[in-house]
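Engineer: Pasting the sequence and the predicted model now:
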Amino acid sequence: MVISNSFISETTLAIRDILISGVSDPISSSRTGDEKFVVTGYPQRTVKYPILTVLATNSPVPTRLGLRSEMAFATVELEIRIWARNNKERDVLTDLVHNQLRGIQTDASTGTIDLGLYGFQITSMVNVSEEGPGAIQSKVITVKYNVVLT
């Protein structure tokens with residue numbers, strides 16, 4: 001799949017698929033068939049942690065690449081949130097997500113560059129700690145990709 005005119009949803013789905021294929025689910029053996037490890041929205045029902053969520057956080061306005069060009073350029077910002085059972089699990093999953101996204105950029109035919117996603121950049125990583133015993137710990141990672149629309 002090469003990112004096209006539906007670039008916001010296609011970018012979100014492409015990053016979701018990259019994380020599904022490259023980040024191991026620590027509890028995959030105990031998940032039922034309808035439970036997912038990587039999703040593209042905040043859960044609306046009870047989930048088994050850990051999970052990863054991938055959301056587009058901006059609505060970029062494409063900019064033409066030149067006066068006579070039909071091509072356009074946009075920057076898509078995504079929030080990848082790691083929801084974990086404890087700080088150690090959160091940090092391990094954060095490292096796995098970072099290494100997967102950093103490492104997949106130039107892979108032949110499956111890399112983000114071959115998909116049309118350029119200029120991978122992590123712009124922030126923020127810990128979010130819930131209060132109380134057994135509370136969910138999460139990290140919000142903001143990433144950006146540049147997309148050329150043809």
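Structural biologist: Structure received. Numbers count the residues shown, from 1 in each chain.
Engineer: Number of residues surrounding Ala74?
Structural biologist: Neighbour count of Ala74, defined by other CB atoms under 10 Å: 19. (C-beta placed from N, C-alpha, C; glycine too.)
Engineer: Just list whatever residues bridge to it.
Structural biologist: Ala74 has these beta-bridge partners by DSSP bridges: Val147.
Engineer: From Ile82, how far out is it?
Structural biologist: Counting by CB to CB, to the nearest Å, the gap from Ala74 to Ile82 is 26 Å.
Engineer: Kindly report the same for Lys144.
Structural biologist: Counting by CB to CB, the gap from Lys144 to Ile82 is 18 Å.
Engineer: Comparing those two, which residue is more hemmed in?
Structural biologist: Comparing Lys144 with Ile82 by neighbour count (other CB under 10 Å), the higher total belongs to Ile82, at 26 against 17.
Engineer: Surely the more buried one and Asp95 touch.
Structural biologist: No: the criterion here is CB atoms under 8 Å, and Ile82 misses it with Asp95 at 10.0 Å.
Engineer: helix, strand or coil for the residue lying closest to Ala108 once chain neighbours are set aside?
Structural biologist: Take Ala108 and drop its neighbours on the chain: the residue closest to it by CB to CB, 6 or more residues apart in numbering is Asp114, 7.0 Å away. Here Asp114 is recorded as helix under DSSP: H, G, I helix; E, B strand; the rest coil.
Engineer: Check the offset of stretch 115-123 from the chain's centre.
Structural biologist: 11 Å (CA atoms, centre = their mean, to the nearest Å).
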